[in-house]
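*Asks:* fold the following.
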Amino acid sequence: MLFDNPLGWYSFIAVGVLVISYLIKPKPLDIKIPSVRFLMHEKGTRQKSTFFQRFITNLLFLLQLLALGALAFATTLPIISMTYDSTGEHTVIVLDVSNSMNTEVSAGQTRLDKAKNIAENNLKGQVSIILAETVPLLVLEDESTSQAKSVLAQLTPKHTSTNIGDAMILAGDLLSAKGDNNKASGRILVISDFVWTDGADPEVMKQVLEARGMVVDFVNIGKAKENVGFVDFKIDTTETTVFLKNYGREKTVSLLLKNEMEGQKTITRTLLEEGIEPITFPTMGGITRLELKDDDALTDDNAVYLSNPKKTKIRILMMTNKPNKFMVNALTALGDTEVTVAEPPIVPDIDSGSEEGEGFDIIIYSEVDHKKILPGTMKEIKQAVEQGTPFIVTFQESLNQIDFDGLLAISPDIVHEGAGVKTVIQNQFTKDVDFGTTEKYYKAKADNTSLVLAVANDEQESPIVAIKQFKDGKIVYYGMDDLKSSFKNSPGYPIFWNGLKNFLIGVDDITNFNHRGGTVLTFEMDKHIETPYGVVQGKRVVLDTNGIYLIDGKQHTVNTWNEKESNTLAEAAVNEAKKGDTYRAEEVLREREVSLEMILLIIASVIIAAELLYTKFRGDF
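*Replies:* Below you'll find the predicted structure:
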């Protein structure tokens, strides 16, 4: 036993004073008592009463002695060492719920089922549960074992990657916060197949946490199984490629390709041992599903969804008396655009635009003989732009002679020769695009409402690419003479025009609608989102379940797309993991110092309360 305050022993002087005060006999006092009083009691009664009063007096002395002794002893701040189970107070379960945990290990039992059984059988004290998804998720904190079992029973595998290391960091923070003086007390139980794909190395984190005095147990429930799964994809507006990997021996598989608008067909492929096979097919509109007909150890990567919410054809009207084949080829390069070339004065009905009766999506005004434009044509264009149809005006030397009636993003002055072109604002259609040089361009000024994206490298920095809003439509100025510029021959030329047309009709990159499991989407305001597991409302959604999500009226797809998570033959990436079949959470005995100060004060308080009761019973007050 240790004493943090040795000076407290001087407090026992008060105990000595109490004893001495009881030993001092008071001076006798003669009192006259009528003899008739003694005749009213028998001798035995008189003796018992005297003995009882003496006992009460002695008991009060004993209570006072004990109370004062406890208080005096408390002032010495006594400390004793006690042995205890350091894992009995708190259990933090780090549970892997990634895609690979849905691998079947026996008939009707998955890795996650086995992991949940191990967790349920090794709960001690207050329980917290952390899910090791792509972003670790705390689902239970400091609850009873019965509540923990209820939560575990409801858990299902997520279609995400594994982040065990970061989940362990969170577990360590939880235990540290619950220890005395920030000293951890409890057990971190990590249950996984240890095919970790994201975050810190679990073994490194185990060493860090154990250095902080924590008990960390790894339990491996992985078991090798052969599997075939979809592991990656590439998609654009014309072609989709899905990669199928075989984790096992060579085999032939059948796949079913289904599209909600195009119907379905069967595809057969022979997969080499440990080989990856690309499956390529035209990108179709709406939702496309590709699935394996045969089941295997992991079914979650046997089917994938793909979404293409954009229109199957973009219709563009190009008004020109001198067709620009470079621009036409760039616009139609991906096969998703239909360009109608019209030579004024003959121009199709802008409102209908096609045999199907739909209007044009974009109108381009390029190298037009303004003398051949009919008076009503520009009026029709203006009405279409006001109603939302984008309008693009390209460079031509007679631009300053044409009355666009407000449908121009710049004010042209004179034609100038020779200048480099530089990007001043990067967006989805100017990013990574090198405009090179142009031999002719207009020295011009942009309207106050126009946004200039690229300029000529001259003193005035004349606008080359500018855009402005005109009521519901957008107006774009493209100020390069394609026939006399190097830009038309660069790889960035079709990229620019494809990005520009998608921007103008409000279509994002098709890859933005096809996500990998574990992706987190955030929004500026609350959104009503339909997910595979129900409807959610909020500014944030975690895409951790494969399937179709409806966001802002557009269909988004989520698939695991993770080569490591589909590798059910992978060995555990840790060395100190215990086998799940034999694991039992053992006691870890440690010593800790316990202060007796508070206990002694409580004892003293109880004794003082008892003393007051006895004095009340005796009738002293």
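
*Asks:* can you pull out the helices in the protein?
*Replies:* 13-23, 43-74, 111-120, 145-154, 164-178, 202-211, 325-332, 375-386, 492-504, 597-618 (DSSP state H).

*Asks:* could you tell me the least trusted of those helices?
*Replies:* Here the helices of the chain differ in mean pLDDT, and the lowest is helix 43-74 at a mean of 66.

*Asks:* S485: what's its closest spatial neighbour, skipping adjacent residues?
*Replies:* Once flanking residues are discounted, S485 sits nearest to T438: 4.1 Å by Cβ to Cβ, 6 or more residues apart in numbering. (Each C-beta comes from the backbone N, C-alpha and C, glycine too.)

*Asks:* I misspoke; the intended subject was I169.
*Replies:* M205 (6.5 Å).

*Asks:* surely that neighbour meets L170?
*Replies:* No. Here M205 lies out of contact with L170, judged by Cβ atoms under 8 Å, at a distance of 10.5 Å.

*Asks:* just checking, K149 touches L123?
*Replies:* Yes. Taking contacts as Cβ under 8 Å, K149 lies within contact range of L123: 7.3 Å.

*Asks:* follow-up on the earlier one: okay, now the residue nearest to S485: neighbour count?
*Replies:* By other Cβ atoms under 10 Å, 23 other residues sit near T438.

*Asks:* gap between it and I425?
*Replies:* 18 Å (Cβ to Cβ, to the nearest Å).

*Asks:* quick revisit: in terms of neighbours, single out the busier of M205 and L170.
*Replies:* Ranked by neighbour count (other Cβ under 10 Å), M205 and L170 place M205 first, with 23 against 16.

*Asks:* how near is that one to G506?
*Replies:* According to Cβ to Cβ, M205 and G506 sit 45 Å apart.

*Asks:* would you map the strands across the stretch 401-550 of the chain?
*Replies:* 410-423, 437-446, 451-456, 463-470, 473-478, 514-516, 519-531, 534-543, 547-551 (DSSP state E, counting those that start in this stretch).

*Asks:* got the contact list for the longest one?
*Replies:* Right, the one you point to is strand 410-423. 397, 399-400, 430, 433, 435-447, 450, 453-458, 462-464, 466, 477, 479-480, 487 (Cβ atoms under 8 Å, 6 or more residues apart in numbering).

*Asks:* among those, which ones are buried?
*Replies:* 399, 430, 433, 435-438, 440-444, 446-447, 450, 453-456, 462-464, 466, 477, 479-480, 487 (16 or more other Cβ atoms under 10 Å).

*Asks:* low-confidence bits of the stretch 351-500 of the chain, can you list those?
*Replies:* Low-confidence segments of the stretch 351-500 of the chain (pLDDT under 70): 351-358.

*Asks:* I'd say S161 and K564 touch.
*Replies:* Yes. Between S161 and K564 there is a contact under Cβ under 8 Å: 7.4 Å.

*Asks:* bridging residues for T252?
*Replies:* Using DSSP bridges, the beta-bridge partners of T252 come out as T270.

*Asks:* neighbours around it, how many?
*Replies:* Quick note: T252 (other Cβ under 10 Å) scores 9 neighbours.

*Asks:* so it touches L271, yeah?
*Replies:* Yes. Between T252 and L271 there is a contact under Cβ under 8 Å: 7.4 Å.
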